[in-house]
Every structure is written in C-alpha cells, then in structure tokens.
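>>> Mind looking at a prediction? Sequence and model below.
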Amino acid sequence: MISLSPSSRSQGAGASFRAGFTLIELLTVIAIIAILMGLLFPVLNLVKEAARKAQARNDIAGLIGALKQYYTEYGNYPPLTDPSAASSSAAGAVVPDQFVGDLTQAKTKVENSMLMNTLRSIDALPNEKFVRNPKRIVFLDVKAVSNPEAPKGGILEKVKAGGGTAKPGLPVSNGCFLDPWGRQYFVMIDTNHDDLLDVGQLYGDFVDSDRPHTSVGVFAMGADNVIGTEKNPDVYRNKGIVSDDIISWQ
C-alpha cells in the first residue's frame, strides 16, 4: 500500500489547476487579432492592386507587340471599325485616329473585340472568313476569363446569349479583351498617318504639343474605371492629381 505524507496530501488537496483562458484573456486575444487584421488588410489590398497594375502593363505591352507584328506581316495596321459601317466624314475632312475600347465611356463607339478577333485569328466580325488576317496568324494569345459571369483579366469567350456583363448592366461582347478591373482595354492607332496619336479625343488636357509621337497607343482605365481622374473625367492631370490610368505612351 502506498501512503502519502501529510505534506503531499495537503499539497494535492490545495492545488488548483486551471485549463483554458478566462473570458477577459480570450477577449484580449480576439482584440489583438482584430487589430492585426485591420493593419494587414490595407497592405493586402495594396499588394493586389500592384499585381493588377503589373498585369495591365504586361497586357498593354503584349497588345503593342501584336500590333507591330501585324504591321510587319501585312504592311499596315488592322482597321478598327466594322467594315459594314458607313463613314460619316465629309470628303477632304481631317479624320482623327480611330480607337476602340469600353462602351461605358460616351466617346467610345466600337468595342475592342473588333480588333482582338483579327489579332487572335478568329473567324468573326470584322475578320469573317479571315479577311483581315488571311494568313491566319495568331498575333495575340490571351487566356479566357475564368468567370464569364463577372469577367476580368482576359478574353471573354463564353458569354451567354444576349451579352455578358463586366458589371451589372454593362454589356460586353464575345472576344473583348478585359483588363484586371473588368473593363475593355482601349487601343488607338494612327489611322490618319501623321505620326501622332490623337489622344486628345479621350484626354482633354493632351493638346497638340502633348500628342505622342507613336503609331499605336493602348491604355487601361485603372481601378476607378473612368478615363482621367474621378473628380475630373477625361483629364489625365488634375491640379497635381495624376490619373491612375495605365497608358503606353508615357
């Protein structure tokens, strides 16, 4: 038989072992975690936004490269309009450079699918029967968007009948190339052959002296989804505030 000494018995009887946390300790830990998460979320958002901008720059560089390769192959840039569309310009009138892009902007009349179908060698308007890319060269190879119901960051290929939406109420057609924020990339080409881009059609503060000396321009509207700045749309620089648009000519 094992016997306990009086000191051992008194120590065992008086000892109190506690398991887990008290309510105050638990609330303190939760509060610390909440504070840390509050500090972490802005950092994560900044990292995600930086990744989106980097992706947009890569896409823009890819588009510029595809257009230059097309020019090398065919000796001209692909037209950006529907071949069936009638020209409204008077004879002899100075015609500004053509551009395609997101229809959410009032000045945009043509979606960028009109260009992407040609560069991707897709048998669809305006490249039906490969009329604008007879050699059927794939100048631009872009992944499809992962979620056609809320498309962003790729080519929209599986849109339902009646059109898809980048955001509720905003139609997007098959073949459109969307930036990481879900809007169509804008592409402008020097279609009047003056070696300058008429970016003043979109940015009011780009006067003639600021027009880029390049034949091709591509840009994305950025996180605010407007051309220019939120407080002053259509203006790239507004009282020291520079637009978050990502443009290829600067």
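Looks like it arrived, so ask away. Numbers count the residues shown, from 1 in each chain.

>>> going forward, measure contacts between C-alpha atoms and count neighbours the same way
Noted.

>>> Contacts only, for the residue nearest the centre of the chain.
In the chain, the centroid-proximal residue (C-alpha atoms, centre = their mean) is residue 179; its distance is 2.1 Å. Contact analysis of residue 179 by C-alpha atoms under 8 Å, 6 or more residues apart in numbering lists 56, 59, 152-154, 185, 220.

>>> Among those residues, which are located in strands?
154, 220 (DSSP state E).

>>> Burial check on residue 176, number of neighbours?
Neighbourhood size, residue 176 [other C-alpha atoms under 10 Å]: 24.

>>> ok, it touching residue 116?
Yes: if you go by C-alpha atoms under 8 Å, residue 176 and residue 116 touch, sitting 6.8 Å apart.

>>> that older thread, nearest to residue 205 among the contacts of residue 179?
Checking those against residue 205 with C-alpha to C-alpha, the nearest one is residue 220 at 17.4 Å.

>>> Tell me if I'm right that that closest one and residue 245 touch.
Yes: judged on C-alpha under 8 Å, residue 220 makes contact with residue 245 at a distance of 5.6 Å.

>>> Looking at the two, which one has more neighbours?
Higher neighbour count among residue 220 and residue 245: residue 220, with 29 against 19, using other C-alpha under 10 Å.

>>> So for that one, what's the pLDDT?
Note on residue 220: pLDDT of 96.

>>> and what of the one 3 residues further on?
At residue 223 the predicted local confidence, pLDDT, stands at 93.

>>> cool, and the one 4 residues further on?
Note for residue 227: predicted pLDDT of 90.

>>> What spatial separation is found between it and residue 109?
Shown here: residue 227 relative to residue 109, a distance of 15 Å by C-alpha to C-alpha, to the nearest Å.

>>> can you check residue 31 too?
Taking C-alpha to C-alpha, one finds residue 31 at 53 Å from residue 109.

>>> again with residue 65
Separation of residue 65 from residue 109 (C-alpha to C-alpha): 24 Å.

>>> tell me what the helix or strand hosting residue 45 is packed against?
Using DSSP states H and E, residue 45 sits within helix 23-74. Counting contacts by 3 or more C-alpha pairs under 8 Å, 6 or more residues apart in numbering; DSSP states H and E, helix 23-74 is packed against helix 113-119, strand 216-220, strand 246-247.

>>> right, and these - which one's nearest residue 137?
Closest to residue 137 of the helices and strands packed on helix 23-74 is helix 113-119 (C-alpha to C-alpha; 7.7 Å).
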